[in-house]
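S.K.: sequence first, predicted coordinates after that:
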Amino acid sequence: MKLAFTASARPEAQEALRRLRHTYGESGEAEADIIVALGGDGHMLDALRKRLKDKKPVYGMNRGTVGFLMNEYTEDGLVERLEKASPIRIRPLIARCEIHQRPGR
C-alpha cells in the first residue's frame, strides 16, 4: 500500500508527519493509494477538496484542536487500520454568493 502524508502547520501535526514518514515511507500524492491527513477538521476538509478530481481516499488523524472528522492519532499499526477502515462518502456543498451594492453607496 502506497501512502502520502499531508499535515497542517501545527507543531503537533508537523512532528507526526516527520515520524510517520520515517516509519512508513512515502509515495508522492500522484502515486499514493491513500492520503493520510494530519491536523484538524480544517486540514481534513482542505485535503478532501484537493482529492475531488482523483477521488483518492483520505484518512485523517487528529493532530489539531477540533477533530470531529478525524480518527484518533496512533502511529502503530497504521497500514492495518487503513486496510480495516470503512469508506464514507462525503458530498461537498458549494455556496455561490453575490454582492449587491445599493445605489448611492
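M.R.: Good, I have the coordinates.

S.K.: contacts, neighbours, all on C-alpha from now
M.R.: Noted.

S.K.: any idea how far the lowest-mean-pLDDT helix or strand in the chain is from the chain center?
M.R.: Scoring the helices and strands of the chain by mean pLDDT, DSSP states H and E places helix 41-50 at the bottom, with a mean of 91. Computed by Cα atoms, centre = their mean, to the nearest Å, the separation of helix 41-50 from the middle of its chain amounts to 5 Å.

S.K.: same check on stretch 37-50?
M.R.: 4 Å.

S.K.: shaky segments in the protein?
M.R.: In the predicted model, the chain carries pLDDT under 70 at residues 92, 105.

S.K.: please enumerate the strands of it.
M.R.: 3-7, 34-39, 58-62 (DSSP state E).

S.K.: contacts for the last one next, please.
M.R.: What it means is strand 58-62. Identification of contacts with strand 58-62 by Cα atoms under 8 Å, 6 or more residues apart in numbering yields 34-40, 44, 47-48, 69-74, 82.

S.K.: which of these are buried?
M.R.: 34-40, 44, 47-48, 70 (16 or more other Cα atoms under 10 Å).

S.K.: looking at the residues you listed, which is nearest P11?
M.R.: Nearest to P11 among the buried ones among the contacts of strand 58-62: G39, at 9.6 Å, using Cα to Cα.

S.K.: who does that closest one form a beta bridge with?
M.R.: Beta-bridge partners recorded for G39 (DSSP bridges): N62.

S.K.: how far away is it from E98?
M.R.: Taking Cα to Cα, to the nearest Å as the measure, G39 falls 32 Å from E98.

S.K.: how about Y24?
M.R.: According to Cα to Cα, Y24 stands 46 Å off from E98.

S.K.: so which of these two has more stuff around it?
M.R.: Y24 (15 against 5; other Cα atoms under 10 Å).

S.K.: number of nearby residues for the residue nearest to the more buried one when sequence neighbours are not counted?
M.R.: With sequence-adjacent residues excluded and distances taken as Cα to Cα, 6 or more residues apart in numbering, Y24 is closest to L3, at 7.8 Å. Residues within reach of L3, counting by other Cα under 10 Å, total 18.
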